[in-house]
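Asks: Below: sequence and its predicted model.
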Amino acid sequence: MLLTAFTVADTIARFCLDYRLGFHAGNVMWTVLIRALVFPLLLFCAISERSSDGLAVFAVALFGFLNGYCVSLGLILVNEIPGLTNEQRKTCGRISACSVNGGLCIGSFGAIAIATTFNLGTSVGA
């Protein structure tokens, strides 16, 4: 259910990229902070007994929406930096793709560390 909520919200957000909400190549880095603000809510849902399933689905969907919007917008806006040559745009595109994939890898290791720290792992058959 959570994976579906994330994926649906992520996909919907990618169709909203015509709405820039004031973001441009000079300030797109603020989307990192916006996404980071959802992390405490996700952690609360994972470790708190007071959290509900509805809140968890909402939090994951919100994070999925922000993921689809912010990451895709960043990849688009890097090509709109004023004064770049076509060769520089190609290089920026390659670096952006590597950065996204590197972030996914680092995030995976970070998730393992957080899960271990807060004992969030599940055991099969328990």
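Replies: Yep, it's here. Numbering: from 1, shown residues only.

Asks: Low-confidence bits of this protein, can you list those?
Replies: 121-126 (pLDDT under 70).

Asks: which residues touch stretch 60-75?
Replies: Stretch 60-75 has contacts (Cβ atoms under 8 Å, 6 or more residues apart in numbering) with 2, 5-14, 16-17, 20, 23, 28, 31-32, 34-35, 38, 41-42, 45, 93, 96-97, 100. In short, each C-beta sits where N, CA and C put it, glycine included.

Asks: one more time with 6 Å
Replies: Under the contact criterion Cβ atoms under 6 Å, 6 or more residues apart in numbering, stretch 60-75 has outside partners 2, 5-6, 9-10, 13-14, 17, 28, 31, 35, 38, 96.

Asks: For those, give me JSON lines that also has distance to residue 68, neighbour count and secondary structure.
Replies: What follows is those, written out as JSON lines (distance: Cβ to Cβ, whole Å; neighbours: other Cβ atoms under 10 Å; DSSP: H, G, I helix; E, B strand; the rest coil):
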{"residue": "2", "distance to residue 68": "15", "neighbour count": "14", "secondary structure": "helix"}
{"residue": "5", "distance to residue 68": "12", "neighbour count": "19", "secondary structure": "helix"}
{"residue": "6", "distance to residue 68": "9", "neighbour count": "20", "secondary structure": "helix"}
{"residue": "9", "distance to residue 68": "7", "neighbour count": "22", "secondary structure": "helix"}
{"residue": "10", "distance to residue 68": "4", "neighbour count": "19", "secondary structure": "helix"}
{"residue": "13", "distance to residue 68": "3", "neighbour count": "19", "secondary structure": "helix"}
{"residue": "14", "distance to residue 68": "5", "neighbour count": "15", "secondary structure": "helix"}
{"residue": "17", "distance to residue 68": "9", "neighbour count": "14", "secondary structure": "coil"}
{"residue": "28", "distance to residue 68": "15", "neighbour count": "18", "secondary structure": "coil"}
{"residue": "31", "distance to residue 68": "11", "neighbour count": "18", "secondary structure": "helix"}
{"residue": "35", "distance to residue 68": "11", "neighbour count": "16", "secondary structure": "helix"}
{"residue": "38", "distance to residue 68": "13", "neighbour count": "17", "secondary structure": "coil"}
{"residue": "96", "distance to residue 68": "16", "neighbour count": "17", "secondary structure": "helix"}
